[in-house]
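Colleague: Predicted model and sequence follow; I will ask about them next.
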Amino acid sequence: MSALPASVLPPAPPPASRIDTAALMSIRSLELRARAVVEGFWSGLHRSPYHGFSVEFTEYRQYTPGDDPRHLDWRVYARSDRYYIKKFEDETNLRCHLIVDQSHSMAYGTTGWTKAAYAATLAATLARFLHLQGDAVGLLSFDAALRDYLPAKQRHGHLRQIIIALDKPAGGTATDLIKPLQRITEIVRKRALMVVISDFLTSLEELERHLLSLTASGHEVVLFQILDLAELTFNFTAPAIFEDAETGRTLFVDPAAARSGYLERFTAHQTALGEICRKLGIGWHTVSTVTPLETVLTEFLHDRLQRGRLVRKGAR
Amino acid sequence: MSLLAPFFLLGALAIAAPVFFHLIRRTTREKIPFSSLLFLRPDPPRLTQRSRIEHWLLLLLRATALALLALAFARPFIRSVFPETDSAGSGRRMILLVDQSASMQRDGLQAAALEKARDFIHSTKPGDQLALWTFDSTTHRLFDFAQWNALPTETRAATALGFLTESKPGWSATPLSAALLSAAEILAETAPASSQPGGDIMVISDFQDGSKTEGLQGWEWPQGVQVIPVPIKPTKPGNAGLQLAPDFSGITTTSEPAARVRVWNAQDSTTEQFQLGWAAADGQTFSGTAQDVYVPPGQLRVVSLPWPAGSTAPGRILLRGDHETFDNLLFATPPVTTDIQVFYFGAESPTDAQQPLFFLNRALPQNSQVKTTVTAIAPADAPPAILTGKSVGFTASGALPPVQAGFLHNQLTSGKTVLYSLTDHQAGSTLARLAGLAEEAVKLEETKPANYGMLSQIDFQHPLFAPFADPRFSDFTKIRVWNYRRLAAAALPGSRVLAKFDSGDPALMEMPVGAGRLVILTTGWHPHDSQLALSSKFAPLLSSLLEWSGAIVTPPSQFLAGPPISLFQLGFRKENAITIKHPDGTSTGVAAGSGLFEGATPPGIYEATAGILTRAFAVNLDPVESHTAPMAPDELDRLGVPLKVPGTSIKKPDPAGAGPAMETESRQKLWRWIIVTALAVLFMETLLAGLSARRATPGGTTA
């Protein structure tokens, strides 16, 4: 336990205003789960120290002669009888692509729900939150191969399709992060926010290169690493045969003897992943499946705010 | 601690099972799915010291439970060796009872009994008191407490053993109950105030099935008296025996006389094929052809063995094929035919079916045992000459000439019995003469009942009617009487009315005249007077009269060795002084008046003589003595005998003697406590296993 970074440890118990993760995960409908988190987040936002920030500001500017009349917001004109131009709408409207791992390794969980269920809820929450902000959200789900792709849209009804795609059960025999990253790099030409949700329990050799190609394409990349408590602490006691959820490979392990080695290798893996992210300027959030989603969302937004300031400082 | 079923201890080997499962548990455990084995390295299963220590308490509990179960099935009991139990109560009074019945003649039993007795006598403490008894038909006190106390301590055992060595098994049955009760009473009665009440009775016997234990039922044992059974087993089980069955050949005159023999084979016998026949003079071989007899174990067969043609001498029946020879010889006397001459005084024709003589000729017994001859004496005939020693009977009807009446009176006074039927009301004077009264003393009155008369108020206690006492035979109402002669009972002093008519007049009377008896029937048995001769009661009544008068003597076919024999059953009278000739040729006398012959052992043919009367009689072994299978182990316990249950032996507890061991075990029932302990251990094991299983499970459940 002591070998783990403090960031991956389970968070402190959520305040009363937050929804208990177990209660949330007991809701069967993914859409309802996402709605519960986002609405709770909105209502809690008034008391939040992060009041006022958003993914992107949609800025209105009073019309001045010489502006392209195509950009006049006629709805605002209809209400206020004043001309306003959504001058920066095109630049500020965020396109977000959720790249969600639905492989078998995500079907693991010792807390009563699986990592896949938690990841789907997180993805749905983000999708709903961004959709409510008017941002376009797309989805690319994968296991050993690509599963579903929904381009980023802000259309009414698109969120529903995303949630249906996220609600599919986990499958596949392996986690191949490379293909979806290649594919999304090929498809998405416009600058976008790439949110990769996976357990990242795979080889990191190729991952770095493809993440680099993503960031090089101008995309902003955020990684959500979803991990179960048992994966974080390896708290087994009895010797047993452990079976790989994806490959079916079995291994006899005496946890008492193997724990230190496991934690050592796991920490090394996390360190390597963290190093890649730091190098490429990628946001990295390691999330335990018992962490309240509101906390995850809050930290995500807070991180983006910090990152934006850094970017702005850097730009000056 | 001893074990009743030590083989069950092998079940304790099952302790290896938990150890085995404990060892292989690690490799047979169910699989745990895990998200990725990326960070895990192979860890080959190995039995580490640590894993064993982890569950040592569980293993210990399981092994304990199995060991306890195995121990409970082995049925342990705590056996206390005899000398130890007795040493605590020094000064105990003990009676050593040694069985000397016929079954102890079996091979090796007597030696084994002496060995046990010797061990017991040598195990006594200086403070103990010992009496030495043997028992066969009676109890023989070889050595009592007073003799024991009078002797110096160092010579007591040798003296007692000397008495015992001289003792030999006899020929009688095993009256175990009589011997035990006698010993218990002596222990209770002679207990000195300073000593503990009661004492121990040690019984050395083969405890055969034929032992007589009925007397023990419901007997209240004196306080402090305890019985120590010491069973002795024969070297070879099984035995076959012989018994003389009742002979029914006398019922018919045509059947060939034969001895009926029951051949009994014991339950534990291994032989089924035997030979039976008349023995030659040496008692070892057959004199003629032997019969093959097949008797499966536990069964008996009845074999009819015809008497050798023309043989009138007693014979011996030999059984061969049985290894126990003490009961293989049976003694039998041939059936005796009694010739009885009956004199009928009357004037009738024997062929006239309406007259009494006609029926008398046909109703008197005629068979292989009794041959009756009726001689009619007409009124004009002179009285017959009576041969001394010959069985005779007299009957008469109607009025008789004074000469004949006087003759019959003389016979009466000399001890004979006369049946006088009053077929005529003028027979009063004859009756008076017979009774020795004045002629006018007896008046008869011809009586004709209104419808018919019946017999009533019959004295079934009288020997004449005793055979009819059973309710099945006591119905005399079918005999109707048309005419009879009323006779006042008071006219005949000393007379006794045996039966009356329903009118209350006497029908049958008995009157002692001198040494003899006069039986008076106040009617006739012929059809003119009554239906008596036509009824089924007439012939038995005449036989009964002949037996009562002493004319017919039916001696028992055999007597049993051991108990006293009443010689009156053979036809001897009280006044006879009888000489008994034993099978070995010696003679003993039985004084007049006693009639009891004691000491009828060994089995054989005995001959009793008194004057001209000589009777040979067979004395045989009690057939129950042939039932040599051991009695049920709990038989004495069931009969309420207070058993003291040490081992079956004195110094070396005999493991083969399972009987007392089983009783001890069933009394102690240690297995129940062991089972309870095992259950408690199993409960603890379940608790512990549950706790450790809870600890072993990871923090949550797998999805």
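Modeller: Okay, I see it.

Colleague: pLDDT weak spots in the stretch 301-450 of chain B?
Modeller: For the stretch 301-450 of chain B, residues meeting the criterion pLDDT under 70 lie at B:310, B:387-392.

Colleague: Can you give me every residue that contacts the closest residue to A:V76 other than its chain neighbours?
Modeller: Counting by Cβ to Cβ, 6 or more residues apart in numbering or on different chains, A:Y84 is the residue found nearest to A:V76 once chain neighbours are left out, at 4.6 Å. C-beta coordinates here come from the backbone N, C-alpha and C atoms, glycine included. Contact analysis of A:Y84 by Cβ atoms under 8 Å, 6 or more residues apart in numbering or on different chains lists A:60-63, A:72-73, A:76-77.

Colleague: now with 6 Å?
Modeller: The contact partners of A:Y84, by Cβ atoms under 6 Å, 6 or more residues apart in numbering or on different chains, come to A:60, A:73, A:76.

Colleague: ok, B:V519 - contacts?
Modeller: Counting by Cβ under 6 Å, 6+ apart, B:V519 makes contact with B:419, B:510.

Colleague: Surely it is within a helix?
Modeller: No - using DSSP: H, G, I helix; E, B strand; the rest coil, the assignment for B:V519 is strand, not a helix.

Colleague: residues from the stretch 51-200 of chain A in reach of chain B?
Modeller: A:105, A:108-111, A:114 (Cβ under 6 Å from any Cβ of the partner chain).

Colleague: Narrow those to just the buried residues.
Modeller: Neighbour counting over those (16 or more other Cβ atoms under 10 Å in any protein chain shown) leaves A:105, A:108-111, A:114 as the buried ones.

Colleague: I'd assumed B:I204 was in contact with B:V98.
Modeller: Yes - taking contacts as Cβ atoms under 6 Å, B:V98 lies within contact range of B:I204: 4.9 Å.

Colleague: Please identify every residue contacting each of the two.
Modeller: Counting by Cβ under 6 Å, 6+ apart, the contacts common to B:V98 and B:I204 are B:113, B:117.

Colleague: what does the stretch 51-200 of chain B have sitting close to chain A?
Modeller: Within the stretch 51-200 of chain B, no position lies close to chain A (Cβ under 6 Å from any Cβ).

Colleague: Please report phi then psi for the residue of chain A most remote from its centre.
Modeller: For chain A, the largest distance from the centre (Cα atoms, centre = their mean) belongs to A:P65, which lies 42.5 Å off. The phi and psi values for A:P65, taken as degrees, to the nearest 10, are phi -60, psi 140.

Colleague: how close does it get to B:G277?
Modeller: Distance of A:P65 to B:G277, given as Cβ to Cβ, to the nearest Å: 158 Å.

Colleague: show me what contacts residue 208?
Modeller: In the absence of a named chain, this looks at chain A. For A:E208, the contacting residues are A:I276, by Cβ under 6 Å, 6+ apart.

Colleague: um, chain B though
Modeller: By Cβ under 6 Å, 6+ apart, the contact set of B:Q208 is B:103, B:628.

Colleague: domain assignment for chain A?
Modeller: Per automatic domain parsing, the domain ranges recorded for chain A read A:6-55+A:94-315, A:57-92.

Colleague: mean confidence for the longest one?
Modeller: Pointing back at domain A:6-55+A:94-315 there. The average pLDDT within domain A:6-55+A:94-315 is 80.

Colleague: Out of the buried ones among the residues of the stretch 51-200 of chain A next to chain B, which two sit at the greatest distance?
Modeller: Within these, two members stand farthest from each other by Cβ to Cβ: A:S105 and A:T111, at 15.6 Å.

Colleague: For B:M684, which non-adjacent residue is spatially closest?
Modeller: The shortest distance from B:M684 to any non-neighbouring residue, by Cβ to Cβ, 6+ apart, is to B:L61 (5.8 Å).

Colleague: Please list the outside residues in contact with the host helix or strand of that neighbour.
Modeller: Secondary structure from DSSP states H and E places B:L61 in helix B:56-73. Applying Cβ under 6 Å, 6+ apart, the external contacts of helix B:56-73 come out as B:8-9, B:11-12, B:14-15, B:18, B:22, B:671, B:674-675, B:677-678, B:681-682, B:684-685, B:688.

Colleague: Repeat that for stretch B:673-681.
Modeller: B:61, B:64-65, B:68-69, B:71-72.

Colleague: now the residues you listed: which count as buried?
Modeller: Judged by 16+ other Cβ under 10 Å, buried ones among the contacts of stretch B:673-681: B:61, B:64-65, B:68-69, B:71-72.

Colleague: From those, pick the one nearest B:P152.
Modeller: Among the buried ones among the contacts of stretch B:673-681, and counting by Cβ to Cβ, the member closest to B:P152 is B:L71, at 49.2 Å.

Colleague: so how far is B:A678 from the closest one?
Modeller: Distance from B:L71 to B:A678, by Cβ to Cβ: 9 Å.

Colleague: is it true that B:I121 lies in a helix?
Modeller: Yes - B:I121: assigned to a helix according to three-state DSSP.

Colleague: how about it, what does it touch?
Modeller: Per Cβ under 6 Å, 6+ apart, neighbours of B:I121: B:157, B:160.

Colleague: Same check on the one 3 residues further on?
Modeller: Counting by Cβ under 6 Å, 6+ apart, B:T124 makes contact with B:L130.

Colleague: Tell me how far B:Y452 lies from A:A78.
Modeller: From B:Y452 to A:A78 the distance is 150 Å (Cβ to Cβ).

Colleague: Likewise for B:L541?
Modeller: 151 Å.

Colleague: So for these two, which sits in the more crowded spot?
Modeller: Neighbours were counted for B:L541 and for A:A78 using other Cβ atoms under 10 Å in any protein chain shown; B:L541 has more, 22 against 8.

Colleague: and that one, what helix or strand is that in?
Modeller: B:L541 belongs to helix B:538-549 when assigned by DSSP H and E.

Colleague: Centre-most residue in chain B?
Modeller: By Cα atoms, centre = their mean, the most central residue of chain B is B:V624, 6.1 Å off.

Colleague: Tell me the predicted confidence for the nearest residue to that one once chain neighbours are set aside.
Modeller: Leaving out its chain neighbours, the residue that sits closest to B:V624 by Cβ to Cβ, 6+ apart is B:G210, at 3.6 Å. Looking at B:G210, its pLDDT is 82.

Colleague: can you tell me which residues contact B:G210?
Modeller: By Cβ under 6 Å, 6+ apart, the contact set of B:G210 is B:624-625, B:627.

Colleague: Give me the distance between it and chain A.
Modeller: Separation of B:G210 from chain A (Cβ to the nearest Cβ, to the nearest Å) stands at 71 Å.

Colleague: B:R316 now?
Modeller: 89 Å.

Colleague: Provide the secondary structure category for that residue.
Modeller: Under three-state DSSP, B:R316 comes out as strand.

Colleague: That one: how many residues sit nearby?
Modeller: Count around B:R316 with other Cβ under 10 Å applied: 18.

Colleague: Likewise for B:P306?
Modeller: A total of 14 residues lie near B:P306 under the criterion other Cβ under 10 Å.
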